[in-house]
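Visitor: Below is the structure, and that's it, no one-letter string:
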């Protein structure tokens, strides 16, 4: 018999450790959020002009002798702290912003505009690589997160432009001597209106003005996309779902997921002439056959489940590859329709108890059974139909 390689044994140990530690709940979003927040704190603590409290105090009091290198670390560090909160929610927008900020921090460190040194260079070089390696796990997007991202980006840029113009006030003609004038210049420049009543006179001031224009165009374009994209996506999903509907979604079966178990369950129900709706997170790369009734969206979202007719279905079968997601689907179905039967698939024996807490009507665990059957066959134990049915379909006990 072939022995597992060292890599396979290591992978098995890591998988077992992840199951015990329930890593699917916190990994990798929590470690990455902590690393990003530490990077932002590092930048803020090592500002060229002193501590963050000192820099903000000097800006508010109208002192114009701050070094030019103070604002970029301030903006990048604050952005990293805000993005770290978004990473905890596995937001794709927060991941994108975190990647851009980490690359900007690396550039600042390399050119000496932020705390420099070998340790900082290595830290901000490794951080983007870690973010890129985990990009698949940050797949949550919504209108709420998009709006929050847009407001945060605009607010950060406005602070950067206002305070930057304020403490470089002597480099403009006429001189910018108060915050209202600085705010006026920031808004006019960010919007690319450019009345020309206030003009930069030095090279640093001109470069600063150029940075406001470039960042303003980029932030407004990105923010608009972040807000509009989820709205357009939902509209397209409604159009596609409505266009592709081939049956009345009532007294039917809803199969959630695109795992082999889900596909085979849908195929067998269809072969028996039963009405079936497939519920997938996203449209597959290859188009589904024209006779397949499908809905695309978050299967734990009540609105998406109602689109699939889950509230009027005979049964909803949660057969995703993530056991926690299956439990959330069952809970969401119970919220919108308590009388609908629910079936939850369990892929990992360690999560069996967790899925049982959701109280589905039927638990199906074919993958868990496989190892037990092989062991019984090898040891000569008796296998009968009752044992197989009991192990594959596990009915949760009613709560006390």
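Guide: Nice, thanks for sending it over. Keep in mind it's a predicted model, so treat the numbers as computed, not measured.
Visitor: which of the residues in stretch 305-321 are buried?
Guide: Neighbour-count burial for stretch 305-321 flags 305, 307-313, 315-320 (criterion: 16 or more other CB atoms under 10 Å). The C-beta positions use only the backbone N, C-alpha and C, and glycine is treated the same way.
Visitor: And these, which is closest to residue 356?
Guide: Proximity of these to residue 356 was ranked by CB to CB; the top entry is residue 318 with 13.3 Å.
Visitor: you'd agree the closest one is up against residue 332?
Guide: No. If you go by CB atoms under 8 Å, residue 318 and residue 332 don't touch, sitting 9.3 Å apart.
Visitor: so what's in contact with the two at the same time?
Guide: With contacts taken as CB atoms under 8 Å, 6 or more residues apart in numbering, residue 318 and residue 332 have residue 299 as neighbours in common.
Visitor: now for the buried residues of stretch 305-321, which pair is the farthest apart?
Guide: 312 and 320 (21.7 Å).
Visitor: Contacts only, for the spatially closest residue to residue 315 that is not a sequence neighbour.
Guide: Once flanking residues are discounted, residue 315 sits nearest to residue 341: 4.0 Å by CB to CB, 6 or more residues apart in numbering. Residue 341 is in contact with 314, 315, 316, 361, 362, counting by CB under 8 Å, 6+ apart.
Visitor: Quick check: the farthest pair among those?
Guide: Comparing all pairs in these by CB to CB, the longest separation belongs to 314 and 362, at 12.7 Å.
Visitor: How much space separates residue 273 from residue 252?
Guide: Relative to residue 252, residue 273 is positioned 12 Å away (criterion: CB to CB, to the nearest Å).
Visitor: Compare the two and say which is more crowded by neighbours.
Guide: When residue 273 and residue 252 are compared for neighbours, residue 252 comes out ahead with 20 against 6, by other CB atoms under 10 Å.
Visitor: Wait, a strand at residue 248?
Guide: No. Applying DSSP: H, G, I helix; E, B strand; the rest coil, one finds residue 248 to be coil, outside a strand.
Visitor: Count the neighbours of it for me.
Guide: The criterion is other CB under 10 Å. On that basis, residue 248 has 11 neighbouring residues.
Visitor: Could you do residue 338 as well?
Guide: For residue 338, the number of neighbouring residues by other CB under 10 Å comes to 8.
Visitor: Residue 130 too?
Guide: Residue 130 has 14 neighbouring residues, counting by other CB under 10 Å.
Visitor: for it, what are its contacts?
Guide: 28, 32, 35.
Visitor: Over to the closest residue to residue 37 other than its chain neighbours. Which of the three states is it?
Guide: Leaving aside its sequence neighbours, residue 37 sits nearest to residue 84 (CB to CB, 6+ apart; 4.0 Å). Following three-state DSSP, residue 84 is assigned to helix.
Visitor: So residue 84 sits against residue 97, correct?
Guide: No. Here residue 84 does not reach residue 97: they are 10.3 Å apart, not a contact under CB under 8 Å.
Visitor: Give the residue spans of the stretch 101-250 of the chain that score low on pLDDT.
Guide: Residues of the stretch 101-250 of the chain meeting the criterion pLDDT under 70: 112-116, 140-146, 148, 226-247.
Visitor: Strands of that one, residue ranges please.
Guide: Listed from the start of the chain, the stretch 101-250 of the chain has strands (DSSP state E, counting those that start in this stretch) covering 172-173, 199-200.
Visitor: didn't residue 297 look like it was pressed against residue 329?
Guide: No. With the criterion set as CB under 8 Å, residue 297 and residue 329 do not qualify as a contacting pair; they are 11.9 Å apart.
Visitor: So for those two, which sits in the more crowded spot?
Guide: Set side by side, residue 297 and residue 329 show more neighbours around residue 329, with 29 against 20, by other CB under 10 Å.
Visitor: buried sites along stretch 325-342?
Guide: Using 16+ other CB under 10 Å as the test for burial, stretch 325-342 gives 325-334, 337, 340, 342.
Visitor: right, I mislabeled it, should have said stretch 82-99
Guide: Neighbour counts using 16+ other CB under 10 Å place 82-84, 86-87, 90-99 of stretch 82-99 among the buried residues.
Visitor: before we move on, back to that, how about the buried residues of stretch 325-342, which pair is most distant?
Guide: Between all members of these, the longest pairwise span (CB to CB) is found for 325 and 337 and amounts to 18.9 Å.
Visitor: residue contacts, residue 251?
Guide: Applying CB under 8 Å, 6+ apart, the residues near residue 251 are 275, 312, 313, 314.
Visitor: would you say it is within a strand?
Guide: No. With three-state DSSP as the criterion, residue 251 is located in coil rather than a strand.
Visitor: For it, give its distance to residue 163.
Guide: Per CB to CB, residue 251 is found 63 Å from residue 163.
Visitor: And the helices in the stretch 201-350 of the chain?
Guide: Secondary structure of the stretch 201-350 of the chain, counting by DSSP state H, counting those that start in this stretch: helices at 203-243, 260-271, 302-307, 323-336.
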